[in-house]
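>>> take a look and give me a structure for this.
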Amino acid sequence: MKVTFLVFNIFGMGGTVKTTLNLANFLVLNGFDVSIVSIKKTRAKSFFYINPKIQVNYLYENRSRKLTLIKRVSLKILRSFPSILFHRDEEFWPSLNILIDLRVIKFLKKLKTDILITTLPSLNILSAKYCDEKIIKIGQEHRSIKKYSPKLVLKIKNNYKKLDYLVCLTNEEKNNYKKLNIPNVTIKTIANPVFHEGDKLPRVSIKENTIISAGRLVEQKNYDTLIKAFVKVHNLHPNWNLKIYGKGKARDELDDLIRKLNAENFISLKEATDNIQEKLAEVKLFALPSHHESFGMVLVESLAVGTPVIAFASTGPKAIVRQYENGVLLDGNSIEDWESGLLHVIENPELLKSMSEHSKESVQEFSIHSIGELWVEFLLGIEKERKIDV
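Here you go, the predicted structure:
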């Protein structure tokens with residue numbers, strides 16, 4: 001069975017990229033013919049590991065090549081016009097253009113595969129519109145529908161009926177989409193998969209007095225609140241530190257904030273890493289202050305190496321964190337909420353130790369083997385149904 005993934009940028013970093021590759025790598029090891037098509041190429045090689053058996057292609061690379069003058073001018077003109085096929089409320093819309101639109105349509109119309117899996121609302125819609133009817137179209141939702149604009153939700157409601165399946169990360173999200181009463185499409189829940197690190201876990205008592213946070217450095221992740229709260233925590237517990245791993249447009253602002261608060265000695269911004277679990281295994285706590293997360297891949301990665309978590313109780317964390325068993329959910333997301341929550345964990349070492357001991361076991365259901373097998377069963381079931389229909 002040939003399975004094709006169409007993604008925005010497989011060469012980048014982030015939860016969607018990592019989980020797509022986790023799944024793709026698992027499928028190819030289980031006998032599937034897997035290919036990945038990336039709309040954009042922003043690096044010479046992927047940030048994360050890709051099995052060499054997976055064929056990787058891209059549709060657009062914004063760099064100079066040896067072209068004729070006429071072609072260079074033509075491409076420049078096409079790049080100057082914004083995308084009209086991707087919805088303006090999509091997070092990546094500002095980096096798209098008419099040239100990309102044309103290449104995506106050309107790719108979809110010529111695509112020969114058994115199953116196409118897409119990972120953004122606009123890609124879900126475009127696949128439903130332009131792919132051969134014989135191709136099984138599976139749309140994935142990696143964000144909460146509550147964070148989409150009303151216009152984008154309306155477009156989803158009007159166009160997802162042309163998909164064969166829609167896969168959500170949590171039952172809460174599945175129910176949100178069912179409320180839209182979209183006809184024809186079958187809606188399923190399959191969480192994101194994560195690799196476990198085995199039993200190489202230091203006990204919490206010998207871990208560093210450090211809190212880690214990780215992700216894209218953007219406003220939605222709410223790192224400024226975490227930083228301000230931790231400054232207050234550090235005043236009471238000067239032997240604790242905070243490290244934030246990631247890259248993004250808010251990096252300079254966060255750097256300035258840390259300097260302004262005179263916190264350079266105990267709060268640091270670190271470069272993004274392709275193996276955050278190695279870092280997580282060394283510390284006592286992971287913090288996720290995001291305003292919203294449809295899943296929260298890094299939460300599972302942290303728990304898988306025995307490091308409990310503290311997070312604002314948005315959709316994803318609520319599906320992963322068991323209150324005071326493997327972590328702490330905060331009802332509010334203010335500086336005061338974070339200060340109180342962090343102090344509660346730091347000042348209760350027995351609670352921290354207990355949560356650490358229960359962390360790994362609590363996320364077995366999200367292991368690559370558990371989730372991967374769900375996908376294998378799902379895809380083979382589709383193939384069986386198709387043979388019966390024929």
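
>>> show me where pLDDT drops low in the stretch 51-200 of the chain?
62-73, 195-200 (pLDDT under 70).

>>> quickly list what the closest residue to Ser80 other than its chain neighbours is bridged to.
Closest residue to Ser80 apart from its sequence neighbours, by C-beta to C-beta, 6 or more residues apart in numbering: Asn97 at 7.3 Å. C-beta here means a position set from N, CA and C on the backbone, and glycine is covered the same way. For Asn97, the beta-bridge partners are Pro82 (DSSP bridges).

>>> ok, Asn97 touching Ile84?
No - in this structure, Asn97 is not within contact of Ile84 by C-beta atoms under 8 Å, at 9.6 Å.

>>> who has more neighbours, these two?
Asn97 (19 against 10; other C-beta atoms under 10 Å).

>>> gap between that one and Arg79?
5 Å (C-beta to C-beta, to the nearest Å).

>>> try Phe5
25 Å.

>>> now the residue nearest to Asn222 when sequence neighbours are not counted: how far from Phe295?
Nearest residue to Asn222, sequence neighbours excluded (C-beta to C-beta, 6+ apart): Pro289, at 4.2 Å. According to C-beta to C-beta, Pro289 and Phe295 sit 16 Å apart.

>>> now do the end-to-end distance for stretch 259-270.
Stretch 259-270 stretches 15 Å from its first residue to its last (C-alpha to C-alpha, to the nearest Å).

>>> and Pro289 and Phe295? Which one has more around it.
Phe295 (27 against 23).

>>> count the neighbours of Ser144 for me.
Around Ser144 there are 20 residues (other C-beta under 10 Å).

>>> my guess is it contacts His292, does it?
Yes - the pair formed by Ser144 and His292 meets the contact definition of C-beta under 8 Å, at 5.4 Å.

>>> rewinding a little: need the contact list for the residue nearest to Ser80.
For Asn97, the contact set (C-beta atoms under 8 Å, 6 or more residues apart in numbering) comprises Leu78, Arg79, Ser80, Phe81, Pro82, Ser83.

>>> how far does the helix or strand containing Leu303 sit from its chain's centre?
Per DSSP states H and E, Leu303 falls inside helix 297-304. Using C-alpha atoms, centre = their mean, to the nearest Å, the mean C-alpha position of helix 297-304 is found 12 Å from that of the whole chain.

>>> same deal with stretch 343-356?
Counting by C-alpha atoms, centre = their mean, stretch 343-356 is centred 28 Å from the centre of its parent chain.

>>> what stretches of the stretch 201-350 of the chain score poorly on pLDDT?
201-205.

>>> start from the N-terminal end of this protein and give the helices.
According to DSSP state H, the chain carries its helices in the segments 15-29, 69-79, 98-110, 121-130, 150-159, 171-178, 223-236, 251-260, 276-280, 297-304, 315-320, 335-346, 349-362, 368-389.

>>> format these as JSON lines; extra columns: distance to Pro52.
Putting the helices of the chain into JSON lines (distance: least, C-beta to C-beta, whole Å) gives the following:
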{"stretch": "helix 15-29", "distance to Pro52": "9"}
{"stretch": "helix 69-79", "distance to Pro52": "31"}
{"stretch": "helix 98-110", "distance to Pro52": "23"}
{"stretch": "helix 121-130", "distance to Pro52": "25"}
{"stretch": "helix 150-159", "distance to Pro52": "36"}
{"stretch": "helix 171-178", "distance to Pro52": "34"}
{"stretch": "helix 223-236", "distance to Pro52": "36"}
{"stretch": "helix 251-260", "distance to Pro52": "33"}
{"stretch": "helix 276-280", "distance to Pro52": "22"}
{"stretch": "helix 297-304", "distance to Pro52": "24"}
{"stretch": "helix 315-320", "distance to Pro52": "32"}
{"stretch": "helix 335-346", "distance to Pro52": "42"}
{"stretch": "helix 349-362", "distance to Pro52": "30"}
{"stretch": "helix 368-389", "distance to Pro52": "18"}
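
>>> quick check: closest non-adjacent residue to Thr210.
Leaving aside its chain neighbours, Thr210 sits nearest to Val283 (4.1 Å; criterion: C-beta to C-beta, 6+ apart).

>>> repeat for Gly15
Met297 (3.8 Å).

>>> what's near enough to touch the one you found?
Here Met297 is in contact with Gly15, Lys18, Thr19, Asn192, Val194 (criterion: C-beta under 8 Å, 6+ apart).

>>> turn those into a markdown table, including neighbour count and distance to Asp101.
Below are the contacts of Met297 laid out as a markdown table (neighbours: other C-beta atoms under 10 Å; distance: C-beta to C-beta, whole Å):
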| residue | neighbour count | distance to Asp101 |
| --- | --- | --- |
| Gly15 | 23 | 26 |
| Lys18 | 23 | 27 |
| Thr19 | 24 | 26 |
| Asn192 | 26 | 29 |
| Val194 | 24 | 34 |
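
>>> between these, which is nearest Val231?
Closest to Val231 out of those is Gly15 (27.4 Å), distances taken as C-beta to C-beta.
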